[in-house]
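**Q** For reference, the sequence and a predicted model appear below.
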Amino acid sequence: METTFVALVAYAVFGLTSWLTLVVLVATQDSAAQFQATSRGWVSAASILGCASAIVVLWIAIGMARREFSEYLALNWPTRDEVMSALMITILLWLGEIVFRSLIIPTQPSTSPHLPFSGIGELLILFVAACVAAPIVEEFTFRGFMFRGWSESFLGPTATIVLTAVIWGAMHTQYDWWGRCWIFVSGLVLGHFRRRSNSTWLTVIVHAGMNFSFFLTMRFA
């Protein structure tokens, strides 16, 4: 119960911080047109601050439980072999997803988003938000905090891996059901990596690699 409550608070604080940051940034613009030209960068910057605030919530909760932050979240550096093995498995999974999509649902239109940006600075902020901040806060929360709390309860590690993958997939409401199913499968794989290696940093690295590959498929203008 405590794990679920803290995770909900962390994401509530993430949303509130992101919203307040965006409100402040919008207030600094002289016109709606100026905000429209820089909105993608502002949203990305706001989400980065939101991620930081969510991690602070986890840090406070773990401290209140008199546990050490890095130990509780299993922030252990993986070995080179663990990283290479995990990345190879992820690449094979990604290739399998591409083949399955082309064979089973060949008529499905491309879901690659079209993201306008006003300059290299805005693109860099988007990259940090998608490939650094998001993987860290999501893995710290799901494969770190929630995995530790739920796996030590009556659920056990296996049910925890499935449950966190379900929630992680469901929360990505910006995608269609096919995209959420793919995220669910990715969550199962990340949970397996976390359990086998006892390293949340390994899942952060793999998650960042997934987002980077997705980042490369985006169509910018």
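**A** Looks like it arrived, so ask away.
**Q** how about the strands of this structure, start to end?
**A** For the chain, applying DSSP state E gives strands covering 114-115, 219-220.
**Q** mean confidence score for the last one?
**A** Meaning strand 219-220. What strand 219-220 shows for mean pLDDT is 52.
**Q** what's around residue 24, how many residues?
**A** Around residue 24 there are 11 other residues, counting by other C-beta atoms under 10 Å. Every C-beta, even on glycine, is put in place using the N, C-alpha and C of the backbone.
**Q** whoops, I mixed them up, residue 53
**A** 18.
**Q** same check, this time on residue 164
**A** 24.
**Q** any idea how far residue 165 is from the nearest residue to it once chain neighbours are set aside?
**A** Leaving aside its chain neighbours, residue 164 sits nearest to residue 142 (4.8 Å; criterion: C-beta to C-beta, 6 or more residues apart in numbering). Remark: distance between residue 142 and residue 165 (C-beta to C-beta, to the nearest Å) = 8 Å.
**Q** How far off centre is stretch 206-215?
**A** Relative to the chain's own centre, stretch 206-215 is displaced by 10 Å; criterion: C-alpha atoms, centre = their mean, to the nearest Å.
**Q** how about that stretch: buried residues?
**A** Neighbour-count burial for stretch 206-215 flags 206, 207, 208, 209, 210, 211, 215 (criterion: 16 or more other C-beta atoms under 10 Å).
**Q** What of stretch 92-108?
**A** Buried, per 16+ other C-beta under 10 Å, within stretch 92-108: 93, 94.
**Q** can you give me the end-to-end distance of stretch 71-78?
**A** 14 Å (C-alpha to C-alpha, to the nearest Å).
**Q** Mind listing residues that contact that stretch?
**A** Identification of contacts with stretch 71-78 by C-beta atoms under 8 Å, 6 or more residues apart in numbering yields 58, 62, 65, 69-70, 86, 140, 144-145, 147-148, 194, 197-202, 205.
**Q** average pLDDT for that stretch?
**A** Stretch 71-78 comes out at a mean pLDDT of 96.
**Q** do the same with stretch 19-27
**A** Across stretch 19-27, the average pLDDT comes to 83.
**Q** do stretch 85-105 as well
**A** Stretch 85-105 comes out at a mean pLDDT of 83.
**Q** related to what we said a few turns ago, sitting in helices, which of the contacts of stretch 71-78 do you find?
**A** Counted as lying in helices by DSSP state H, out of the contacts of stretch 71-78, are 58, 62, 69-70, 86, 147-148, 194, 197, 200-202, 205.
**Q** Of these, keep whichever come out buried.
**A** Burial by neighbour count, 16+ other C-beta under 10 Å: within these this picks out 58, 62, 69, 86, 147, 148, 194, 197, 200, 201, 202, 205.
**Q** thought the third one was touching residue 57?
**A** The one in question is residue 69. No: using C-beta atoms under 8 Å, residue 69 is not in contact with residue 57; the gap is 12.0 Å.
**Q** quick one on the thing from earlier: would you turn the ones in helices among the contacts of stretch 71-78 into CSV with distance to residue 50?
**A** Below are the ones in helices among the contacts of stretch 71-78 laid out as CSV (distance: C-beta to C-beta, whole Å):
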residue, distance to residue 50
58, 13
62, 19
69, 19
70, 22
86, 27
147, 22
148, 22
194, 23
197, 28
200, 20
201, 21
202, 24
205, 22
